[in-house]
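**Student:** my questions concern the predicted model and sequence given below.
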Amino acid sequence: MNAETLIDPSATSGMPAPFWFVEFFKVLGFTLHAVPMNLWYAGLLVAMLLWIGRNEHGRRFSTRLMRQMPVIVALGVNFGVVPLLFTQVAYYKVFYPATILMAWFWLLIVVLLIPAYYGVYFYASGLRGEAGLTPARKAAGWTSAVFFIAIGFLFANGLSLMAHVERWPELWQAHRMGGAALGTALNIGDPSLWPRWLLMFGLALTTTAAWVFFDAAFFARAESEDYRRWAARFAPGLYTFGMIFFAAAGSWYVFGTWPAELRQTMTAGGLLVLTMATGMAPGLPFLLLWMRRNGLPTRAAAALIALAQFGVLGINAISRHLVQKVSLEGFLDVSAQPLAVQWGPMAVFLTTFLLGLGVIAWMLAQLGKTPEGPLEL
């Protein structure tokens, strides 16, 4: 069987927006989603580990992050709608077949997300209530951390399978009945899946480290000076660990799993600059954090570090998008689809998107004016 026979054959009335528009918001949406997503993907686990440690300041940061986590999860889930929407708009011919092959696992994401979300609330309420962190609340916190990591693994499966059409026939043959897909396939046989998943976890650790510093500068003015000095020292250490993790997984991904054609494309001309920038980008926030490790976190330094880390995530998102596009070139040319611009929906989307960003920026500004910032929900 040819892989092309499993690609969605349905005709389209045309792309509802220019392809550059779709690409731009797919990448921007993923970058915005990655900020809070990183904090629950790796930050939640870091918070749980710090809580069982004996360091008073580590437990204090754990408390702060876990009280913020319900809002962080809400922002991440809502921001995640944007890249998923534009992925479905442009890549529906490969997105839907890939997720049908793993349908039950794709639906499992929702099954895991709901208790993980409620578990975060349940845990956070124990940090503020008289009952404290009961065994049930501690169990809820650890369960949420594990569930969010599992969700990341399932998303990595779906998106990697979408870009590796050549694997579909094998998976369909192994997971079918009477010619119908059972929806029980996972892409675990793809050598690129594991480093891709671990790469994102390393990146999430670096974002968590940047948040430690940012939170101490903007939202922890009521905390002791000792705590804020600890945050300035802890952040670069955690960032170093995350950057090493990212570099190891990224090297495995690029040099161990990229086909020769993909590697040749991504290391030629301007794409070579992008590929190198993607690998080197974490160096800037790393240096900025280490330069501030012996002082108190300031808002100017925190804003610069946050902007640099957002750039790290943005460059990574661009590279991921281009790798996906190049991997699909032999099966699907997304940019060649006919165009039928729907100006009304585009205007509604842009208006609501900008208003939403404005409201979130205003909320964060108001929280920054309070002594405790977003510590209290």
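**Tutor:** Nice, I can see it. Worth saying up front: this structure is predicted, and the values here are computed from it rather than measured.

**Student:** CA atoms for contacts and neighbours, from now on please.
**Tutor:** Fine.

**Student:** how about low-confidence regions in the stretch 201-350 of the chain?
**Tutor:** For the stretch 201-350 of the chain, no stretch has pLDDT under 70.

**Student:** so how far is Val334 from Ala90?
**Tutor:** As for Ala90, its distance to Val334 is 6 Å (criterion: Cα to Cα, to the nearest Å).

**Student:** neighbour count winner among these two?
**Tutor:** Using other Cα atoms under 10 Å, the more surrounded residue of Ala90 and Val334 is Ala90, with 21 against 16.

**Student:** so that one: helix, strand or coil?
**Tutor:** helix (DSSP: H, G, I helix; E, B strand; the rest coil).

**Student:** try Arg293
**Tutor:** Arg293 is classified as coil under three-state DSSP.

**Student:** what's the burial count for Trp197?
**Tutor:** 21.

**Student:** hmm, I was thinking of Trp343
**Tutor:** Trp343 has 11 neighbouring residues, counting by other Cα under 10 Å.

**Student:** same check, this time on Ala235
**Tutor:** 24.

**Student:** in the strand or helix carrying it, what counts as buried?
**Tutor:** Taking DSSP states H and E as the definition, Ala235 sits inside helix 225-257. For helix 225-257, a neighbour-count test (16 or more other Cα atoms under 10 Å) marks 227-240, 242-243, 245-247, 249-250, 252-254, 257 as buried.

**Student:** spell out the residue ranges of the strands in this protein.
**Tutor:** Here the chain has its strands, by DSSP state E, at 176-177, 180-181.

**Student:** pick the most deeply packed of those strands.
**Tutor:** Comparing those by mean neighbour count (mean count of other Cα atoms under 10 Å), strand 180-181 ranks first with a mean of 15.

**Student:** coming back round to it: show me how far the helix holding Ala235 is from its chain's centre.
**Tutor:** Centroid separation for helix 225-257 versus its chain: 16 Å, with Cα atoms, centre = their mean, to the nearest Å.

**Student:** residue numbering should commence at 48 henceforth.
**Tutor:** With the count now opening at 48, the last piece we talked about shows up as helix 272-304.

**Student:** the residue lying closest to Ala145 once chain neighbours are set aside - how many residues pack around it?
**Tutor:** Of all residues not flanking Ala145 in the chain, Met209 sits nearest, at 5.1 Å (Cα to Cα, 6 or more residues apart in numbering). Met209: 25 surrounding residues under other Cα under 10 Å.

**Student:** contact partners for Met209?
**Tutor:** Residues in contact with Met209 (Cα atoms under 8 Å, 6 or more residues apart in numbering) are Val141, Phe142, Pro144, Ala145, Thr146.

**Student:** which residues does the second one contact?
**Tutor:** Phe142 sits next to Thr134, Gln135, Leu206, Met209 when contact means Cα under 8 Å, 6+ apart.

**Student:** for His211, give me phi and psi.
**Tutor:** Note on His211: backbone dihedrals following degrees, to the nearest 10 are phi -120, psi 70.

**Student:** how far away is it from Ala278?
**Tutor:** 42 Å.

**Student:** how close does Thr312 sit to Gly225?
**Tutor:** Taking Cα to Cα, one finds Thr312 at 40 Å from Gly225.

**Student:** also Leu154?
**Tutor:** 22 Å.

**Student:** ok, these two, which is more surrounded?
**Tutor:** Leu154 (14 against 6).

**Student:** pLDDT score assigned to that one?
**Tutor:** At Leu154, the pLDDT value in this model is 96.

**Student:** once you drop chain neighbours, what's closest to Phe293?
**Tutor:** Gly249 (4.4 Å).
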